[in-house]
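Undergrad: okay, structure incoming, though there's no sequence with it:
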Ligand SMILES: Nc1ncnc2c1ncn2[C@@H]1O[C@H](COP(=O)(O)OP(=O)(O)OP(=O)(O)O)[C@@H](O)[C@H]1O
Ligand SMILES: [Mg+2]
């Protein structure tokens with residue numbers, strides 16, 4: 001079995017948190033001990049003097065995780081911009097060793113770990129690492145989330161091709177927030193060397209901000225071949 005997956009996206013705001021949460025909860029529903037991680041979060045909110053990541057709150061809540069925030073989201077930055085820019089703006093460099101230590105502890109603690117990336121694969125984390133390097137060093141295969149917007153074919157295919165060029169395994173693509181015409185899904189299926197695992201409709205009540213899941217977990221339990229995500233291909 002894989003030790004986890006790394007959920008990346010064709011860009012920011014495509015639904016990485018929603019899909020990472022749905023996958024983690026589906027694996028939990030199969031009886032496994034699942035952990036979640038957001039290695040670096042920008043746009044963290046200051047609550048009672050502590051920086052809190054909305055994504056981590058959502059991910060923890062959907063699987064009822066009681067892991068410490070310092071493990072789940074070891075690096076929290078306040079400005080809602082790329083980590084390198086947030087670090088220079090605040091004068092606090094990204095402590096990447098904290099990320100590796102937390103990752104090691106979480107993989108030891110859980111049967112399976114769902115890691116949510118930051119933005120897309122070429123978001124810089126520090127002067128030498130991109131998000132793709134996190135997935136690569138963690139040695140986790142990707143689930144690529146994309147959604148229904150003009151430009152998604154290009155962004156999704158570029159993400160697949162870049163991952164291939166870095167020899168990072170890809171489980172497949174989840175197309176989120178499908179609104180109407182699904183013609184673009186067929187184009188992605190036609191030109192991508194990675195399979196489309198499932199499509200997810202736009203559901204009004206889903207909200208990361210308010211920790212509202214709707215019936216996304218039931219939908220995933222029904223629609224996605226979860227054993228394909230969990231099974232290590234040889
Ligand atoms: N299937 C869906 N139906 C309706 N709304 C959705 C769906 N998936 C995601 N959303 C909403 O879209 C927004 C972006 O989703 P999400 O936060 O999961 O994206 P993200 O890729 O994790 O963003 P970020 O790059 O900021 O981490 C959120 O407000 C979320 O509630
Ligand atoms: Mg997110």
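TA: Nice, I can see it. Since the structure is predicted, the reported quantities are computational estimates derived from the model, not experimental observations. Ligands and ions are numbered 1, 2, ... in the order given.

Undergrad: you'd agree residue 200 is up against residue 182?
TA: No: counting by CB atoms under 8 Å, residue 200 stays clear of residue 182, with 11.6 Å between them. No exception for glycine: its C-beta is placed from N, CA and C like everyone else's.

Undergrad: okay, these two: which has more neighbours?
TA: Shown here are residue 200 and residue 182; by other CB atoms under 10 Å, residue 200 has more neighbours (23 against 14).

Undergrad: okay, and the beta partners of the residue nearest to the more buried one when sequence neighbours are not counted?
TA: Leaving aside its sequence neighbours, residue 200 sits nearest to residue 176 (CB to CB, 6 or more residues apart in numbering; 4.7 Å). Using DSSP bridges, the bridge partners assigned to residue 176 are residue 147.

Undergrad: residue 176 and residue 21 touch, don't they?
TA: No: using CB under 8 Å as the test, residue 176 is too far from residue 21 to be in contact (11.8 Å).

Undergrad: which one's more surrounded, those two?
TA: Under the criterion of other CB under 10 Å, the comparison of residue 176 against residue 21 puts residue 21 first, with 29 against 24.

Undergrad: circling back: what residues are up against the residue nearest to residue 200?
TA: 14-15, 18-19, 145-148, 199-200 (CB atoms under 8 Å, 6 or more residues apart in numbering).

Undergrad: reformat those residues as a markdown table; add distance to residue 76 and pLDDT.
TA: Below are those laid out as a markdown table (distance: CB to CB, whole Å; pLDDT from 0 to 100):
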| residue | distance to residue 76 | pLDDT |
| --- | --- | --- |
| 14 | 21 | 98 |
| 15 | 21 | 98 |
| 18 | 20 | 98 |
| 19 | 22 | 98 |
| 145 | 22 | 98 |
| 146 | 26 | 98 |
| 147 | 25 | 98 |
| 148 | 30 | 97 |
| 199 | 32 | 96 |
| 200 | 28 | 97 |
